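no sequence on hand, only this structure:
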């Protein structure tokens, strides 16, 4: 547990994670409120209509998660980390755990903030959290952010350079998956893309937990590969 | 105790460290000496488990670094003072280090005080001068009160005040019974602070001995004589089988090796040669180093100017 406590001190003792968390919550709630006041064009009903801003906050949180790794690599501090905790698997898992939990908390704040704003902006809509489906659509945003952060940390470990890793994470999550979904004949395959699966989990009633399990398994596999690479190379 | 056995590191076709075996004994300052590019930093990184040896191993008290529990309690290292997050305060940096190795939080303030950074502990490390960063790195190395300390070129780029401080500090650490391994390409620095030497060149072990033995063993001491009757003197000496050269800098001077001042003086007197100067030139660490590593310098600048001392 001392490793996790050390990583928690790291994450909370610089300003940028706090800024990312604040911006992530504000962006999600902000975009959510715009789509809510613009009306229900997307065809989402009920509590799901309050969560349409989740993608932007997720992007910010993924930037935070990537930076948590790449800044250590860029200044050479990762070597201080590995000197203190020579078992790289433990060192990197502790970091991933802390960053992912932080991202999950940001997701919960953003999601319930958006939902609470929905109560004000959409007085005519039934936004009560009746059961598992509604709780999944709101609270699930926290889970999506958590897994997205694991994905981003893994890319950060693999790429090591801030600019490259952030560009890769953002273009993949925000652009490439959407573009691939537009390729003719690729539509049916696109639901196997990780961030499409996350979206499926939040907004579709058809086997949502399978989609989440798939997203989580893929991110865990990517992290395992990244740790294996980190163990093999010179720090 | 640090021990390396056949330690080898190969980058592609370059052999950075070549079958290096040495032992660092406790309670002393050991200088790890070699020209730039000799493989000192690579060796230290392998000792600390950061780089993987191609073959061979490095052991600390009989175990690889990676198998030590809470390694900061056994080994403290300062390889690069910039391995710190620039936006994190000095105190926070030491706090996470202490926490990761289950050290009491009170140690943070103790080591800050020990290196004289208490007043600036709340400032971000990125704003520190090199000397302050170096002190922060040393504070991190001392955090776990380790028995073994490794410093890589700790005086590089420091002002004279900082150099004196580090030198005194290393001595006091060894005085407390710790083993200190300090690398440097600065030979005079090593002569002042290290009692033992491990000398490498081009990744190979050249010598391991006490500093005094190293200088004696590679004896470059010579006798310098100045005389108005130089040719006669040279003839007298050469007749005795003594090696004589013209002094590179001055006229009317000879450099005589393989003998001492007394014998040169007696021979000159016997032949009635007038001497204006007769001096023993004591071999310095530089001379010894150049003598031994002459063929092991990675980057040779000019034909006869290896300029090791100044780098």
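Thanks, I have the structure now. Quantities reported herein were computed from a predicted structural model and do not represent experimental measurements.

and the lowest-mean-pLDDT helix or strand in chain A, what does it pack onto?
Least confident element among the helices and strands of chain A, by mean pLDDT, DSSP states H and E: helix A:177-182 (a mean of 83). Contacts defined by 3 or more C-beta pairs under 8 Å, 6 or more residues apart in numbering or on different chains; DSSP states H and E place helix A:177-182 against helix A:194-203. C-beta here means a position set from N, CA and C on the backbone, and glycine is covered the same way.

pLDDT on the helix it packs on, on average?
Helix A:194-203 carries an average pLDDT of 91.

now stretch B:105-117
Averaging pLDDT along stretch B:105-117 gives 94.

which stretches of the chain have low pLDDT?
Let's take chain A. Where chain A drops to pLDDT under 70, the residues are A:39-44.

wait, I meant chain B there
Applying pLDDT under 70 to chain B flags residues B:216-220, B:250-251, B:282-289, B:291-311.

show me where it has its strands.
Taking DSSP state E to define them, one finds strands in chain B at B:2-11, B:14-24, B:29-33, B:55-60, B:75-78, B:148-152, B:179-184, B:196-201, B:204-210, B:222-226, B:243-246, B:253-257, B:277-281.

nearest to residue A:32, out of those strands?
Among the strands of chain B, strand B:75-78 comes nearest to residue A:32, with 49.1 Å by C-beta to C-beta.

against which helices or strands is that closest one packed?
Counting contacts by 3+ C-beta pairs under 8 Å, 6+ apart, strand B:75-78 is packed against helix B:130-142, strand B:148-152.

quick revisit: dump the strands of chain B into CSV; add mean neighbour count and distance to residue A:108 as well.
Rendered in CSV, the data for those read as follows (neighbours: other C-beta atoms under 10 Å in any protein chain shown; distance: least, C-beta to C-beta, whole Å):
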stretch, mean neighbour count, distance to residue A:108
strand B:2-11, 18, 47
strand B:14-24, 18, 50
strand B:29-33, 27, 52
strand B:55-60, 17, 45
strand B:75-78, 26, 40
strand B:148-152, 23, 45
strand B:179-184, 24, 50
strand B:196-201, 24, 56
strand B:204-210, 17, 59
strand B:222-226, 21, 79
strand B:243-246, 14, 83
strand B:253-257, 19, 81
strand B:277-281, 13, 78
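
so which of the helices and strands packed on strand B:75-78 is nearest residue B:53?
Residue B:53 sits nearest to strand B:148-152 of all the helices and strands packed on strand B:75-78, at 16.2 Å, using C-beta to C-beta.

rewinding a little: including distance to residue B:9, could the helices and strands packed on strand B:75-78 go into TSV?
TSV is the format used below for those (distance: least, C-beta to C-beta, whole Å):
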stretch	distance to residue B:9
helix B:130-142	23
strand B:148-152	15
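
out of these, the one nearest chain A is which?
Checking the helices and strands packed on strand B:75-78 against chain A by C-beta to the nearest C-beta gives helix B:130-142 as the closest, at 7.3 Å.

I'd like the strands of chain B as JSON lines, with distance to residue A:145 appended.
Shown next, in JSON lines, are the strands of chain B (distance: least, C-beta to C-beta, whole Å):
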{"stretch": "strand B:2-11", "distance to residue A:145": "41"}
{"stretch": "strand B:14-24", "distance to residue A:145": "43"}
{"stretch": "strand B:29-33", "distance to residue A:145": "48"}
{"stretch": "strand B:55-60", "distance to residue A:145": "41"}
{"stretch": "strand B:75-78", "distance to residue A:145": "37"}
{"stretch": "strand B:148-152", "distance to residue A:145": "41"}
{"stretch": "strand B:179-184", "distance to residue A:145": "45"}
{"stretch": "strand B:196-201", "distance to residue A:145": "51"}
{"stretch": "strand B:204-210", "distance to residue A:145": "53"}
{"stretch": "strand B:222-226", "distance to residue A:145": "75"}
{"stretch": "strand B:243-246", "distance to residue A:145": "78"}
{"stretch": "strand B:253-257", "distance to residue A:145": "76"}
{"stretch": "strand B:277-281", "distance to residue A:145": "73"}
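
residue A:16: which of these is closest?
Smallest distance to residue A:16 across the strands of chain B (C-beta to C-beta): 26.3 Å, for strand B:75-78.

surely residue A:14 and residue B:84 touch.
No - with contact defined as C-beta atoms under 8 Å, residue A:14 does not reach residue B:84; the gap is 11.4 Å.

out of the two, which sits in the busier spot?
Taking other C-beta atoms under 10 Å in any protein chain shown, residue A:14 and residue B:84 do not tie; residue B:84 has more neighbours (24 against 19).

tally up the residues packed near residue A:106, please.
28.

isn't it up against residue A:57?
Yes - counting by C-beta under 8 Å, residue A:106 does reach residue A:57; the two are 6.9 Å apart.

mutual contacts of those two, please.
Residues touching both residue A:106 and residue A:57 by C-beta atoms under 8 Å, 6 or more residues apart in numbering or on different chains: A:24-25, A:145.

I'd like those residues as CSV, with neighbour count appended.
CSV is the format used below for the shared contacts of residue A:106 and residue A:57 (neighbours: other C-beta atoms under 10 Å in any protein chain shown):
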residue, neighbour count
A:24, 25
A:25, 23
A:145, 31
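
that older thread, out of the strands of chain B, flag the one nearest residue B:128.
Set against residue B:128 and scored by C-beta to C-beta, those come closest in strand B:75-78, at 13.9 Å.

which residues sit against that closest one?
Residues outside strand B:75-78 that contact it (C-beta under 8 Å, 6+ apart): A:83, B:44, B:48, B:60, B:65, B:68, B:134, B:137-138, B:140-144, B:146, B:148-152, B:154.

next, the buried residues of stretch B:186-199.
The neighbour-count check on stretch B:186-199 (16 or more other C-beta atoms under 10 Å in any protein chain shown) flags B:186-187, B:189-194, B:196-199 as buried.

reformat those residues as a markdown table; add distance to chain A.
Below are those laid out as a markdown table (distance: C-beta to the nearest C-beta, whole Å):
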| residue | distance to chain A |
| --- | --- |
| B:186 | 23 |
| B:187 | 28 |
| B:189 | 24 |
| B:190 | 24 |
| B:191 | 29 |
| B:192 | 28 |
| B:193 | 23 |
| B:194 | 23 |
| B:196 | 24 |
| B:197 | 25 |
| B:198 | 21 |
| B:199 | 25 |
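
what is the nearest of these to residue B:32?
Each of those was checked against residue B:32 using C-beta to C-beta; the closest is residue B:198, at 5.2 Å.

so that closest one bridges to which residues?
Note on residue B:198: beta-bridge partners by DSSP bridges are residue B:32, residue B:208.

contacting residues for it?
With contact set as C-beta under 8 Å, 6+ apart, residue B:198 has these partners: B:22, B:24, B:30-33, B:181, B:205, B:207-208.

which of these sit farthest apart?
Using C-beta to C-beta, the contacts of residue B:198 reach their maximum pairwise distance at B:181 and B:207, which is 15.5 Å.

now distance to residue A:45 too, for the buried residues of stretch B:186-199, in TSV please.
Output for the buried residues of stretch B:186-199, formatted as TSV (distance: C-beta to C-beta, whole Å):
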residue	distance to residue A:45
B:186	74
B:187	79
B:189	75
B:190	77
B:191	82
B:192	80
B:193	76
B:194	77
B:196	78
B:197	79
B:198	75
B:199	78
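
so how many other residues sit close to residue B:249?
Neighbours of residue B:249 under the rule other C-beta under 10 Å: 8.
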